[in-house]
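Trainee: Dropping the sequence and predicted coords here.
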Amino acid sequence: MSEARIIDGKAFAAKLREQVAADVQALKVEHGVTPGLAVVLVGDDAASQVYVRNKGEQTLAAGMHSETHRLPADVSQDDLLALVGKLNADPSIHGVLVQFPVPDHLKQSDIVAAISPDKDVDGLTVTNAGRLASGLPALTPCTPLGCMMLLKDALGDLRGKSAVVIGRSNLMGKPMAQMLLAADCTVTIAHSRSQDLPGIVRQADIVVAAVGRAEMVKADWIKPGAVVIDVGISRFPSRDPVAAAAGKTRLVGDVAFDEVKAVAGAITPVPGGVGPMTIACLLANTVTAAKRLNGIGA
Ligand SMILES: Nc1nc(=O)c2c([nH]1)NC[C@@H]1CN(c3ccc(C(=O)N[C@@H](CCC(=O)O)C(=O)O)cc3)C=[N+]21
């Protein structure tokens, strides 16, 4: 058995962003529409600051309109919902995203519910979850969408494959399972309460790990040749003590990469796998939303 192919999510995401930029250019020239994304950040969580800055930069680089709204950590639910309402009504904005997590006094589900489903580029509203589950045109969550693109690239046809999704969050596990099902996979959703998780995962041609437990998925869980997609991102202090003292972190996925790559057929690394796809898919979803809001075929 040879070593797994390492799936280069960073390169794939760069190509997808080029495609998005070309779509944006065509929308501007042919329809006079510039897709616009508004990101709302509450408080000053360090990781969120980095993600939101990256989103803004990549949105601009694709030729789109970008707005970042920074609100204080103690903002009231009413003030936050008022901003979401304003963005829903703003014709220059086609995508509205509230960065999570939000401080404890705010209710995530109520915030999501306030976002117009047609501008819900995170695909988190009940309306979009229902559309996805019903096979209707939807805006779908960016991370599972990126995983599907990588899987289709790695495997071509997914029909009839056995897929195991580890994790059942609304943001990742559930929509991932729906997308795999729509692609005619035989889908199992496993989670922290599943009995014999290793035994379940060993059946899979496709493993998507999205539990948020560092290096939980081991080599002896993997059927030889399986495609392994690692969605986990855990942060630890850098191995270099000097860098660690300066606050540098290293990212670790849900998969024990070094051992699993000896068994798998293909595997995504962390970082450089699914993460970059998430932001590229956010841009793609914003273009999709802009087209639909303007009645342009999409
Ligand atoms: N409303 C909302 N929508 C989100 O989509 C959302 C969110 N809130 N809150 C946080 C999570 C996390 N997330 C990531 C985006 C990009 C990378 C990414 O680009 N990761 C790089 C590394 C980045 C680094 O070095 O920190 C990689 O994996 O190679 C990771 C994670 C989006 N999220």
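Mentor: Perfect, thanks for sending it.
Trainee: ok, which stretches of the protein are strands?
Mentor: 5-6, 36-42, 65-71, 95-98, 162-166, 186-190, 206-209, 227-230, 234-237, 249-252, 266-267 (DSSP state E).
Trainee: can you redo these as a markdown table with mean neighbour count, distance to residue 154 and mean pLDDT?
Mentor: In this view, the C-beta of every residue, glycine as well, is placed from N, C-alpha and C. Shown next, in a markdown table, are the strands of the chain (neighbours: other CB atoms under 10 Å; distance: least, CB to CB, whole Å; pLDDT from 0 to 100):
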| stretch | mean neighbour count | distance to residue 154 | mean pLDDT |
| --- | --- | --- | --- |
| strand 5-6 | 14 | 8 | 98 |
| strand 36-42 | 24 | 29 | 98 |
| strand 65-71 | 17 | 31 | 98 |
| strand 95-98 | 26 | 28 | 98 |
| strand 162-166 | 26 | 13 | 98 |
| strand 186-190 | 19 | 17 | 98 |
| strand 206-209 | 28 | 9 | 99 |
| strand 227-230 | 28 | 5 | 99 |
| strand 234-237 | 13 | 24 | 95 |
| strand 249-252 | 16 | 21 | 95 |
| strand 266-267 | 24 | 5 | 98 |
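Trainee: any idea where the helices of the protein begin and end?
Mentor: Using DSSP state H, the helices of the chain run over residues 9-31, 46-61, 77-89, 108-114, 126-134, 142-155, 173-182, 197-201, 241-245, 257-260, 274-293.
Trainee: Whatever residue of the stretch 151-298 of the chain ends up closest to the ligand: how many residues sit nearby?
Mentor: In the stretch 151-298 of the chain, the residue that lies nearest the ligand is residue 275 (2.1 Å; CB to the nearest ligand atom). Neighbourhood size, residue 275 [other CB atoms under 10 Å]: 23.
Trainee: same thing with the one 10 residues further on?
Mentor: For residue 285, the tally of surrounding residues (other CB under 10 Å) stands at 26.
Trainee: Switch the strands of the chain over to TSV; also include distance to residue 23.
Mentor: Output for the strands of the chain, formatted as TSV (distance: least, CB to CB, whole Å):
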stretch	distance to residue 23
strand 5-6	28
strand 36-42	14
strand 65-71	14
strand 95-98	14
strand 162-166	29
strand 186-190	30
strand 206-209	27
strand 227-230	25
strand 234-237	33
strand 249-252	30
strand 266-267	28
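Trainee: Using CSV, lay out the ones you listed together with distance to the ligand.
Mentor: Converted to CSV, the strands of the chain look like this (distance: least, CB to the nearest ligand atom, whole Å):
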stretch, distance to the ligand
strand 5-6, 13
strand 36-42, 8
strand 65-71, 13
strand 95-98, 5
strand 162-166, 17
strand 186-190, 20
strand 206-209, 14
strand 227-230, 9
strand 234-237, 8
strand 249-252, 6
strand 266-267, 14
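Trainee: sorry, back to before: just the helices of the chain: most buried one?
Mentor: Most buried of these by mean neighbour count (mean count of other CB atoms under 10 Å) is helix 274-293; its value is a mean of 24.
Trainee: for that one, packing partners?
Mentor: Contacts defined by 3 or more CB pairs under 8 Å, 6 or more residues apart in numbering; DSSP states H and E place helix 274-293 against helix 9-31, strand 36-42, helix 46-61, strand 95-98, helix 142-155.
Trainee: please redo it, this time with the cut-off set to 6 Å
Mentor: Judged by 3 or more CB pairs under 6 Å, 6 or more residues apart in numbering; DSSP states H and E, helix 274-293 is in contact with helix 9-31, helix 142-155.
Trainee: neighbouring contacts of it?
Mentor: Residues outside helix 274-293 that contact it (CB atoms under 6 Å, 6 or more residues apart in numbering): 9-10, 13, 16-17, 20, 23, 33, 35, 37, 55, 58, 62, 94-95, 118-119, 121, 139, 142-143, 145-147, 231, 268, 298.
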